[in-house]
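>>> using only what follows, build the 3D model:
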Amino acid sequence: MNYSYRFVAVAALFVTCLLAANILIVKQIYVLGLTLPAAIIIFPLSYVFGDVLTEVYGYAQARRVIWLGFFCNLLLVIAIWLVGILPAAPVFDAQAAYDRILGSAPRFLIASFLAYLAGEFLNSYVLAKMKILTRGKWLWTRTIGSTVAGQGVDTVIVLSIGFYGALPNEVILTMMFWHWIFKSAYEALATPFTYWLVAHLKRTEKIDKYDYDTNFNPLRAD
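Just a heads-up that it's a prediction; the model follows:
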């Protein structure tokens, strides 16, 4: 398949949001009386671009980009880890800060990887199926509905694996609820932008994929 620069641009934005979120997550911010990871300002955008990819180009193309994001993230993690264990130069006096900010614990890395794959694939699957069910109408129901499902799974996995045993269960459940609500609300607010981008791509690319005969196995390589 020949990929247009528009497809490549959306895929690049998707991956950039993912990589940025995994660096920003180390900082906690305080918004509207809630303590949230700073990554929340950009990570939901990966779902917006994921929705656009599935809506316009179909599940199979979105699947390729989801795996691309996974391996780009894995490469980033390996590079950060390798730099962290290499001896620091005498002029570099911030090794402790480097380790604290970028040296994520294996537990959180596993949680992040599993949550990403489960959430993104569920998001893409639900949107593709809803597009067929709605016959391409009511885009907002697909983008919001798929995000509610995908972000819900993502949030449950990352917070349960990341914090189980470290925080009281009621605290974890409260974090799950508000993270899920915040991310879903983010998607709803982005609906006008999503509508514009989808309409622009469908018009310029002359494509509007329906996944009637698509194999939804996330492990397929085609």
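>>> and stretch 159-170, what's buried?
Using 16 or more other CB atoms under 10 Å as the test for burial, stretch 159-170 gives 159, 160, 162, 163. C-betas here are computed from N, CA, C, even on glycine.
>>> nearest residue to the middle of this structure?
Most central in the chain under CA atoms, centre = their mean is residue 46, positioned 4.4 Å from the mean C-alpha point.
>>> quick check: what element follows whichever strand or helix holds that residue along the chain?
Element membership of residue 46 [criterion: DSSP states H and E] is helix 43-57. Sequence-wise, the next helix or strand downstream of helix 43-57 (DSSP H and E) is helix 59-85.
>>> which elements pack onto the very next helix or strand once past that following helix?
Heading C-terminal from helix 59-85, the first helix or strand you meet, by DSSP H and E, is helix 95-102. When contacts are defined as 3 or more CB pairs under 8 Å, 6 or more residues apart in numbering; DSSP states H and E, helix 95-102 packs onto helix 59-85.
>>> if we go to 6 Å?
The helices and strands touching helix 95-102, judged by 3 or more CB pairs under 6 Å, 6 or more residues apart in numbering; DSSP states H and E, number zero.
>>> please save the CA atoms from it in PDB.
Extracted C-alpha coordinates of helix 95-102, given in PDB (Å, rounded to 0.1, in the frame of the first residue of the first chain):
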ATOM      1  CA  GLN A  95      22.600  11.500  37.500                       C
ATOM      2  CA  ALA A  96      20.300  11.300  40.500                       C
ATOM      3  CA  ALA A  97      17.800  13.600  38.800                       C
ATOM      4  CA  TYR A  98      18.100  11.700  35.600                       C
ATOM      5  CA  ASP A  99      17.300   8.400  37.400                       C
ATOM      6  CA  ARG A 100      14.500   9.900  39.300                       C
ATOM      7  CA  ILE A 101      12.700  11.400  36.300                       C
ATOM      8  CA  LEU A 102      13.400   8.900  33.600                       C
END
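>>> where does the protein dip in pLDDT?
1-2, 105-106, 221-222 (pLDDT under 70).
>>> please redo it, this time with the cut-off set to 80
1-3, 25-26, 28, 31-37, 103-109, 162-167, 221-222 (pLDDT under 80).
>>> tell me where it has helices.
Under the criterion DSSP state H, helices of the chain are mapped to 5-24, 43-57, 59-85, 95-102, 106-133, 139-163, 169-189, 191-205.
>>> and those: which comes nearest residue 34?
For these, proximity to residue 34 was assessed by CB to CB; helix 169-189 is nearest, at 5.5 Å.
>>> just want the angle from the closest one to helix 191-205.
Here helix 169-189 points in a direction 50 degrees away from that of helix 191-205 (axes from the mean of the first three to the mean of the last three CA atoms, to 10 degrees).
>>> so how far is helix 169-189 from its chain's centroid?
Offset of helix 169-189 from its chain centre (CA atoms, centre = their mean, to the nearest Å): 15 Å.
>>> cool, and stretch 147-157?
Centre to centre, stretch against its chain (CA atoms, centre = their mean), the figure for stretch 147-157 is 10 Å.
>>> quick one, what contacts residue 186?
residue 44 (CB atoms under 6 Å, 6 or more residues apart in numbering).
>>> how far away is it from residue 193?
Here residue 186 is placed at a distance of 11 Å from residue 193 (CB to CB, to the nearest Å).
>>> check residue 86 too.
Look at residue 86 and residue 193: by CB to CB, they are 41 Å apart.
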